[in-house]
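Participant: okay, sequence plus prediction incoming.
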Amino acid sequence: MIRAGRVGLVQTVADLAAALGVSVKTLRNTKPYAAPGFPKPVSSVEAQKLLWDGEQTAAYVAGHAVPALPTGELEDDLLDRHEAAAECGVGVATWNSYKNNPRVAEHLVMVAGVEHWPRRAVRAYRDGRPGRGSARTGGRPKGSGDRVPREQLQQSIAQLLDEEPAVTAAAVVEEFGVAMTTATSALAAVRGRRIADLLEEQPQLSPVQAAERLGYPPITHRRALAAARLEQRIREARPYVCSVAQALAGAGLAEPDEPEVVQLPTGALAAAIRLAPGQGAAAAVWDERFGWRTSGSRRHPFGKDTGARPQGDGIRYLTDRARPAPSAVLAALRG
């Protein structure tokens, strides 16, 4: 999260690269931010776009002691969509519907191209939902919330895995007071991400071998390997999608955001690039099945995913290839 009063210190990958005097490509390849002692990102664990606190990174680069960030939960802390969903005790897809409510939308704060909302606005909406009272999650009495903030759950699970790779979902429930479904999915996601990391480092391993080397019991493999496959697919697609986004932004056709690669309900990967005003469309959408098209909606660029090739108002297919060169997408969008 972005701590209250520190928006002006937020630093993106590009900002960090400039501060270190290297290119963004070099920064991504060398990953100095993965070194021990480097300040942790202020973006959530699940976020696609990394953000840091510039005061912390400047101190680290200068060789000084890294100042600690404020602690606790302040009302003016800014939460991204993953953190806002966790605050409400819902999934990200549900939050994506909540954020369109006027009582939420009016509080939207864009930070480095990423949507954020003040904690007070998220809590006010959560507590005022019809039929919800002031419970943190549907069906839970007030006061019986999780013992660890949802935005910190995967970090906390990672610590448990460091101590005991065979930790069970039941142990996560007992430790943090979350629902069993939440514990199961979060545990699988962290294991899957670590399997993907190990396979990047040691590509000669099979996914099962990676899971075994990490000490994960066979009973956990199915979920963890599925999460790892999804993570690998997203990582493989992300550089291509970002290259198109950079080309469109460089030509002034799109906002300078780093698009997030997501999995649609049918399992396909997709990403949306928000276009600049005056382009005749709200967004350029990539779908791994159908390639690039336009969308008339900024809030719901993907539309309803039925598995069929999307058609309708505002949709124009830009190429007939799934992964055309960025220059081809740019030319088609201009045409």
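Facilitator: On my side now, so go ahead.

Participant: got the contact list for Arg81?
Facilitator: When contacts are counted by Cβ atoms under 8 Å, 6 or more residues apart in numbering, Arg81 touches 92, 95-96, 99, 115. Backbone N, C-alpha and C define where each C-beta goes, glycine included.

Participant: output the contacting helices and strands for the lowest-mean-pLDDT helix or strand in the chain.
Facilitator: In the chain, the helix or strand scored least confidently by mean pLDDT, DSSP states H and E is helix 92-98, which has a mean of 75. In terms of contacts (3 or more Cβ pairs under 8 Å, 6 or more residues apart in numbering; DSSP states H and E), helix 92-98 is packed against helix 81-88.

Participant: distance from the chain centre to the helix it packs on, please.
Facilitator: 12 Å (Cα atoms, centre = their mean, to the nearest Å).

Participant: same check, this time on stretch 43-52
Facilitator: Taking the mean of its C-alpha atoms, stretch 43-52 sits 6 Å from the chain's own mean (Cα atoms, centre = their mean).

Participant: quick check: PyMOL command selecting the buried ones in the contacts of Arg81.
Facilitator: In PyMOL syntax, the buried subset of the contacts of Arg81 is picked out as below (16 or more other Cβ atoms under 10 Å):
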select buried, resi 95+96+99
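
Participant: tell me, how many neighbours does Gly8 end up with?
Facilitator: Residues lying near Gly8 (other Cβ atoms under 10 Å) number 8.

Participant: confirm it sits in a helix?
Facilitator: Yes. Assessed with DSSP: H, G, I helix; E, B strand; the rest coil, Gly8 lies in a helix.

Participant: identify the residues contacting it.
Facilitator: Contacts of Gly8 by Cβ under 8 Å, 6+ apart: none found.

Participant: state the pLDDT value of it.
Facilitator: Predicted confidence (pLDDT) for Gly8: 92.

Participant: the strands in the stretch 1-150 of the chain, which residues?
Facilitator: All strands of the stretch 1-150 of the chain, identified by DSSP state E, counting those that start in this stretch, fall at 10-11, 52-53, 78-79, 109-111, 114-118.

Participant: between the contacts of Arg81, which is nearest Val190?
Facilitator: Checking the contacts of Arg81 against Val190 with Cβ to Cβ, the nearest one is Val92 at 16.2 Å.

Participant: shouldn't that closest one be in contact with Ala85?
Facilitator: Yes. Here Val92 reaches Ala85: they are 4.8 Å apart, a contact under Cβ atoms under 8 Å.

Participant: find residues that contact each of the two.
Facilitator: Contact criterion Cβ under 8 Å, 6+ apart; residues shared by Val92 and Ala85: none found.

Participant: now the helices for the chain?
Facilitator: Per DSSP state H, the chain carries helices over the ranges 13-20, 24-30, 54-61, 81-88, 92-98, 102-105, 119-128, 153-163, 169-176, 180-201, 207-213, 218-250, 326-334.

Participant: name the helices or strands packed onto the longest one?
Facilitator: To tie it back to what came earlier, the one meant is helix 218-250. Under the contact rule (3+ Cβ pairs under 8 Å, 6+ apart), helix 218-250 is packed against helix 180-201, helix 207-213, strand 269-274, strand 283-287, helix 326-334.

Participant: mind showing which ranges of the stretch 1-150 of the chain have poor pLDDT?
Facilitator: Scanning the stretch 1-150 of the chain for pLDDT under 70 picks out 93, 129-150.

Participant: domain map for the protein?
Facilitator: Domains of the chain are assigned by automatic domain parsing as 1-136, 146-216, 238-334.

Participant: I'd like the ones you listed as JSON lines, with distance to Arg223 appended.
Facilitator: Below are the domains of the chain laid out as JSON lines (distance: least, Cβ to Cβ, whole Å):
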{"stretch": "domain 1-136", "distance to Arg223": "17"}
{"stretch": "domain 146-216", "distance to Arg223": "4"}
{"stretch": "domain 238-334", "distance to Arg223": "15"}
